[in-house]
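Student: model this:
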Amino acid sequence: MAELSRRKMLLSGGALGALGALGIASPAWAWAASGSVAGSGAGADPRWVWDEEADPLVASLLDRGAVPEVNRLLAGWTRNDQPLPAGLPADLRSFMDKARQLPSWADNGKLETAAEFNKSRGLYLNLLNGVGGGMLSTAIPKEARAVYYSKGGADMEDRVAKTSILGFAVGALNAYRPDGSCVVNAVKTRLVHAAVRHLLKQSPHWTGDIPISQNDMLVTWHTLPTFAMRRMREWKVPISAAESGAYLHVWQVTAHMLGIRDEYIPATWDAANAQSAQVLPPAMGPTREGVELTDILLGQLAEQTSPGSISRPLCNALARYLVGDQVAGWDAIPREPIWGPAIAAAWPALVAFREGLLPLPLVPEAAWVLDEAARQYILFYLTKGKGTRIEIPETNRPG
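Tutor: Take a look at the predicted model:
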């Protein structure tokens with residue numbers, strides 16, 4: 001009977017994380033590169049591929065003590081159309097000149113459509129990418145440990161701010177326009193990832209493989225656009241084919257700018273969903289570090305939003321609603337007997353009202369509390385980025 005139940009869970013597509021929860025080894029890489037934006041590829045397992053251009057460069061910058069000056073010079077580099085600052089090391093300048101170029105397949109028309117889609121669906125996208133993606137990331141053991149033991153884990157408020165900078169740059173109207181900042185923040189993040197790979201290997205707390213592999217980045221990618229699109233579809237948000245394709249495209253371009261190889265970037269939503277089904281479930285599960293990070297994030301939100309506007313129970317319930325019971329259980333987000341059922345009933349009605357599918361008299365009163373809570377969630381994540389810069393770390397978490 002136990003074996004039968006186990007087999008049923010593995011065969012059912014809805015059991016997110018079943019492979020990871022059962023401790024079964026991840027299968028060999030089987031996703032076909034024919035489904036990528038490149039259309040072909042070598043087929044190398046992305047778990048054993050990192051960033052062959054950025055990694056040796058940043059390791060060299062760290063070893064020769066150049067990072068503080070590089071961070072100082074890059075602090076003023078904030079717009080996509082800005083020239084690189086004078087004084088950068090020649091090897092770094094050469095890398096960044098190449099890394100800041102959009103891929104040949106980038107489509108400006110789709111990027112503009114994506115910007116308008118992000119504007120019209122900003123409440124959902126910011127909530128799903130900022131909060132939902134954050135809760136998912138803490139339920140990914142390798143990612144949670146990488147965050148916890150790297151420098152950012154010692155100051156989660158600052159870590160949230162740095163993550164928010166890139167996330168909200170992607171969703172901005174001018175994301176990839178000359179006056180936008182998506183290129184800048186993606187290239188800076190790519191350098192940060194390379195530094196974390198180099199530094200974490202030296203941490204006594206890190207015992208796993210080199211972090212932030214191409215597979216790890218794909219796992220994280222699927223907690224953002226793939227997860228967000230799936231949830232919006234579940235909420236019955238009206239989305240045209242052009243909007244859906246454009247939203248995928250802006251994240252395809254962003255994946256490329258972060259250093260993910262084109263042969264791993266899904267070309268269509270069908271390809272993205274197939275890849276997500278392969279890479280995300282085995283990567284998920286509970287860790288002490290993930291539970292602690294989740295508690296810090298939700299605690300910060302409850303404490304630092306407007307006094308009395310969002311209680312911790314409401315934070316817990318909304319987070320649980322966004323990611324589902326299994327992930328919430330891994331993150332040790334408590335069930336809330338009052339707010340849990342209220343959100344499950346009121347949120348679909350609020351979405352339907354916002355989309356013109358439900359008249360005002362049929363929207364329950366609790367929906368307006370959720371509306372304000374969602375705005376406060378987003379405000380929290382947005383404002384954390386103000387006055388914060390993405391910088392290359394020089395150390396791991398102290399202690």
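
Student: show me the contacts for residue 53.
Tutor: Residues near residue 53 by C-beta atoms under 8 Å, 6 or more residues apart in numbering: 95, 98, 99, 259. C-beta coordinates here come from the backbone N, C-alpha and C atoms, glycine included.

Student: so where's the stretch 51-200 of the chain uncertain?
Tutor: When residues are selected by pLDDT under 70, those of the stretch 51-200 of the chain lie in 156-162.

Student: hey, where'd the helices end up in it?
Tutor: 54-63, 67-74, 90-99, 108-120, 122-126, 133-137, 141-149, 156-170, 182-200 (DSSP state H, counting those that start in this stretch).

Student: tell me the pLDDT of the nearest residue to residue 268 once chain neighbours are set aside.
Tutor: Setting aside the residues directly before and after it, residue 268 is nearest to residue 35 in space (C-beta to C-beta, 6 or more residues apart in numbering), at 7.1 Å. Note for residue 35: predicted pLDDT of 97.

Student: list the residues that contact residue 35.
Tutor: Counting by C-beta under 8 Å, 6+ apart, residue 35 has contacts 266, 267, 268, 270, 271, 274, 275.

Student: residue 286: which of those is nearest?
Tutor: For the contacts of residue 35, the minimum distance to residue 286 (C-beta to C-beta) is 23.7 Å, reached by residue 275.

Student: circling back: separation between the residue nearest to residue 268 and residue 272?
Tutor: As judged by C-beta to C-beta, to the nearest Å, residue 35 and residue 272 stand 9 Å apart.

Student: need the overlap of contacts for these two.
Tutor: With C-beta under 8 Å, 6+ apart as the test, residue 35 and residue 272 both reach residue 266.

Student: what would the helices of the stretch 51-200 of the chain look like in TSV with distance to residue 81?
Tutor: Shown next, in TSV, are the helices of the stretch 51-200 of the chain (distance: least, C-beta to C-beta, whole Å):
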stretch	distance to residue 81
helix 54-63	22
helix 67-74	16
helix 90-99	14
helix 108-120	14
helix 122-126	24
helix 133-137	28
helix 141-149	32
helix 156-170	14
helix 182-200	9
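
Student: between the ones you listed, which one is closest to residue 333.
Tutor: helix 133-137 (7.4 Å).

Student: please save the CA atoms from that closest one in CSV.
Tutor: Coordinates of each C-alpha in helix 133-137 appear next as CSV, following Å, rounded to 0.1, in the frame of the first residue of the first chain:
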residue,chain,number,x,y,z
GLY,A,133,9.0,33.9,-5.5
GLY,A,134,10.7,34.7,-2.2
MET,A,135,8.7,32.1,-0.4
LEU,A,136,9.5,29.5,-3.1
SER,A,137,13.2,30.3,-3.0
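
Student: ok so, going back, out of the helices of the stretch 51-200 of the chain, which gets nearest to residue 209?
Tutor: So among the helices of the stretch 51-200 of the chain, helix 141-149 is nearest, using C-beta to C-beta, at 8.0 Å.

Student: and the angle for that closest one with helix 182-200?
Tutor: 80 degrees (axes from the mean of the first three to the mean of the last three C-alpha atoms, to 10 degrees).

Student: tell me which other helices or strands helix 141-149 touches.
Tutor: Where contact means 3 or more C-beta pairs under 8 Å, 6 or more residues apart in numbering; DSSP states H and E, helix 141-149 is packed against helix 133-137, helix 182-200, helix 214-221, helix 269-283, helix 288-304.

Student: give me the number of residues near residue 207?
Tutor: 7 (other C-beta atoms under 10 Å).

Student: and for residue 245?
Tutor: Considering only other C-beta under 10 Å, residue 245 is surrounded by 17 other residues.

Student: alpha carbons of whatever helix or strand it lives in, as PDB, please.
Tutor: Using DSSP states H and E, residue 245 falls within helix 241-257. Output in PDB follows, covering the C-alpha atoms of helix 241-257 (Å, rounded to 0.1, in the frame of the first residue of the first chain):
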ATOM      1  CA  ALA A 241      -1.600  35.500 -26.500                       C
ATOM      2  CA  ALA A 242       0.500  38.600 -27.300                       C
ATOM      3  CA  GLU A 243       0.700  39.500 -23.700                       C
ATOM      4  CA  SER A 244       1.600  36.000 -22.600                       C
ATOM      5  CA  GLY A 245       4.300  35.700 -25.300                       C
ATOM      6  CA  ALA A 246       5.700  39.100 -24.500                       C
ATOM      7  CA  TYR A 247       5.900  38.400 -20.700                       C
ATOM      8  CA  LEU A 248       7.800  35.200 -21.500                       C
ATOM      9  CA  HIS A 249      10.100  37.200 -23.800                       C
ATOM     10  CA  VAL A 250      11.200  39.800 -21.200                       C
ATOM     11  CA  TRP A 251      12.200  37.000 -18.900                       C
ATOM     12  CA  GLN A 252      14.000  35.100 -21.700                       C
ATOM     13  CA  VAL A 253      16.100  38.200 -22.400                       C
ATOM     14  CA  THR A 254      16.700  38.600 -18.600                       C
ATOM     15  CA  ALA A 255      17.800  35.000 -18.300                       C
ATOM     16  CA  HIS A 256      20.300  35.600 -21.100                       C
ATOM     17  CA  MET A 257      21.600  38.800 -19.500                       C
END
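
Student: what would the helices and strands packed on helix 141-149 look like in TSV with mean neighbour count and distance to residue 58?
Tutor: Below are those laid out as TSV (neighbours: other C-beta atoms under 10 Å; distance: least, C-beta to C-beta, whole Å):
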stretch	mean neighbour count	distance to residue 58
helix 133-137	24	22
helix 182-200	23	4
helix 214-221	23	16
helix 269-283	19	24
helix 288-304	19	24
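
Student: so which of those helices gets nearest residue 80?
Tutor: helix 182-200 (4.3 Å).

Student: packing partners of that closest one?
Tutor: Counting by 3+ C-beta pairs under 8 Å, 6+ apart, helix 182-200 packs on helix 54-63, helix 90-99, helix 141-149, helix 156-170, helix 241-257.

Student: now do the longest one: distance to the chain's middle.
Tutor: The chain centroid and the centroid of helix 241-257 are separated by 14 Å, computed with C-alpha atoms, centre = their mean, to the nearest Å.

Student: got the angle between that helix and helix 269-283?
Tutor: Using the same axes, to 10 degrees: helix 241-257 against helix 269-283 is 50 degrees.
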